[in-house]
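**Q** sequence and predicted structure, then a few things I'm wondering about:
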Amino acid sequence: MNKELSCVLVTGGAGYIGSHTIIELFNAGVQTVISVDNYSNSTEETYARIEAVCGKNPVHYEADISHPGHLKTICKAHPEIQGIIHFAALKAVGESVEKPLEYYRNNLDGLLHVLECVAEFQIKSFIFSSSCTVYGQTSVFPVNENTPLSEPESPYGYTKLAGERIIRDFAVIHPEIHCVLLRYFNPVGAHPSGLIGEIQLQKPNNLVPIITMSAAGILPAFSVHGNDYPTRDGTCIRDYVHVCDIADAHVKALRFSQSEVQTVNPEIFNLGSGEGVSVLEAIKAFERVNQLVLNYAIGPRRAGDISAIYSDSSKAEKQLQWKPAYTLDDMMASAWKWQQNLGK
Ligand code: NAD
Ligand code: WQD
């Protein structure tokens with residue numbers, strides 16, 4: 001880590017990816033991490049978990065970034081902030097279809113307020129959580145950062161596409177602020193300690209939490225959403241990437257954006273393992289690694305699912321020196337370890 005990088009603000013720091021990133025920031029030598037969260041999809045207990053893993057606790061504020069003024073007050077109190085990593089957003093695809101205005105309000109107002117602070121307080125780096133959802137259904141694999149984007153299926157997806165556009169326009173008038181858009185594929189798993197991971201406050205929608213909750217008996221069974229896709233075993237293909245690798249990429253993106261190495265603004269990176277894994281392959285990996293048998297059945301397709309997507313992450317490898325360190329087996333083992341710890 002650059003010696004000069006000593007203070008970073010993280011929005012959504014009590015959430016799944018934010019909390020793992022805070023641990024990586026501390027491990028990389030950042031002295032002060034400030035977390036801002038309204039706990040709409042997390043709890044304050046996350047900070048004790050962070051401390052249990054790395055012995056450090058972020059300075060934390062309960063605040064809603066979609067509210068004008070809240071973040072500004074915090075930034076005013078911390079003129080030492082050098083970079084903001086912006087995770088805070090609502091992220092449930094299905095819920096966004098039911099509550100589109102809530103999603104647009106929270107995710108877009110939130111982003112606008114963060115950018116206003118970045119500009120007002122002349123914060124050098126801005127890192128944005130984008131998503132592979134901006135690519136939609138594509139027919140050429142793997143997808144790289146130049147793959148054309150398509151109309152998102154959901155209001156959630158649209159907040160990411162619009163967010164990217166807003167940041168592009170912002171960067172034109174603020175070339176002094178280095179912006180990085182990170183397009184995550186499917187972040188899964190938990191810290192290898194099993195002490196921290198994703199907390200499900202709502203009904204789970206994503207495959208890996210559904211698998212672990214079903215293995216724990218919290219869900220009686222689950223469905224594989226369709227086996228008639230044009231893929232090798234008929235089930236959908238995704239690019240699962242360990243949450244600690246995603247966290248590590250943020251530290252590297254920050255380091256990159258603090259330096260003059262960044263010449264394109266905003267710069268965009270895909271973050272995926274580069275490996276396409278089918279739903280059945282993911283299930284089998286979980287069963288094999290954890291020596292368990294899952295209770296599932298083939299069901300109908302889920303509306304809005306694309307048949308396949310996986311990443312070409314070579315740009316992040318070249319420019320950020322980022323390469324995933326964890327395997328699919330690590331993802332499945334850590335996800336289960338965390339689920340078991342949650343039950344204690
Ligand atoms: P998460 O829900 O675990 O974390 C988001 C955090 O932001 C939560 O702690 C929530 O309480 C907080 N938050 C939401 N709105 C807020 C507001 N208005 N003010 C303050 N805090 C607020 O989600 P995550 O999985 O950690 O995702 C982090 C980011 O990454 C999100 O922007 C998400 O869209 C994006 N992303 C996630 C995935 C994924 O599969 N997890 C994939 C691609 C992109
Ligand atoms: C993975 C595969 C399902 C549950 C979502 C968002 C995307 C991004 C990542 C934020 C699919 C199948 C799932 C189940 C199943 N998030 N599945 N049975 O849909 O790739 O992406 O998270 O930006 O925007 O849409 O992830 O984990 O929901 O599904 O068969 O009970 O598992 O159909 O093929 P998805 P997922």
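**A** Looks like it arrived, so ask away. Ligands and ions are numbered 1, 2, ... in the order given.

**Q** count of neighbours near P68?
**A** Counted by other Cβ atoms under 10 Å, the residues lying close to P68 total 12. From N, CA and C alone the C-beta is placed, and that goes for glycine too.

**Q** so who does it touch?
**A** Contact analysis of P68 by Cβ atoms under 8 Å, 6 or more residues apart in numbering lists H113.

**Q** next one: K160
**A** Here K160 is in contact with N107, S130, S131, T133, V134, P152 (criterion: Cβ under 8 Å, 6+ apart).

**Q** ok, so of those, who is nearest ligand 1?
**A** For the contacts of K160, the minimum distance to ligand 1 (Cβ to the nearest ligand atom) is 3.5 Å, reached by S131.

**Q** before we move on, the earlier item: now for the contacts of K160: which two are most distant?
**A** Greatest spacing in the contacts of K160, by Cβ to Cβ: N107 and V134 (13.3 Å).

**Q** the more surrounded of those two?
**A** Under the criterion of other Cβ under 10 Å, the comparison of N107 against V134 puts N107 first, with 24 against 21.

**Q** show the backbone phi and psi for the more buried one.
**A** For N107, the backbone dihedrals are phi -80, psi -40 (criterion: degrees, to the nearest 10).

**Q** so how far is ligand 1 from the residue lying closest to it once chain neighbours are set aside?
**A** In this structure, N107 finds its nearest non-sequential neighbour in T159, 3.8 Å apart by Cβ to Cβ, 6 or more residues apart in numbering. Separation of T159 from ligand 1 (Cβ to the nearest ligand atom, to the nearest Å): 8 Å.

**Q** repeat for N186
**A** 6 Å.

**Q** doesn't H242 make contact with that residue?
**A** No: with contact defined as Cβ atoms under 8 Å, N186 does not count as touching H242 (10.3 Å).

**Q** looking at the two, which is more packed in?
**A** Neighbour count, other Cβ under 10 Å: between N186 and H242, H242 has more, with 25 against 22.

**Q** would you agree that one is in contact with V188?
**A** Yes: the criterion here is Cβ under 8 Å, and H242 meets it with V188 at 7.0 Å.

**Q** mutual contacts of the two, please.
**A** Here H242 and V188 have M331 as joint contacts, going by Cβ under 8 Å, 6+ apart.

**Q** hey, what's V277 bridged with?
**A** V277 has the following beta-bridge partners by DSSP bridges: R238.

**Q** that one: neighbour count?
**A** By other Cβ under 10 Å, 20 other residues sit near V277.

**Q** so for it, what pLDDT did the model give?
**A** On pLDDT, V277 comes in at 98.

**Q** one more: V118?
**A** At V118, pLDDT is 98.

**Q** ok, now F121?
**A** At F121, pLDDT is 98.

**Q** got the residues of this structure near ligand 1?
**A** Within the chain, the positions near ligand 1 by Cβ under 6 Å from any ligand atom are 11-12, 14-18, 36-42, 64-66, 87-91, 106, 110, 129, 131, 184, 186-187.

**Q** please flag which of those residues sit within strands.
**A** T11, V36, D37, S129, S131, Y184, N186, P187 (DSSP state E).

**Q** tell me the spacing between the spatially closest residue to F87 that is not a sequence neighbour and N41.
**A** Leaving aside its sequence neighbours, F87 sits nearest to G12 (Cβ to Cβ, 6+ apart; 3.4 Å). Look at G12 and N41: by Cβ to Cβ, to the nearest Å, they are 8 Å apart.
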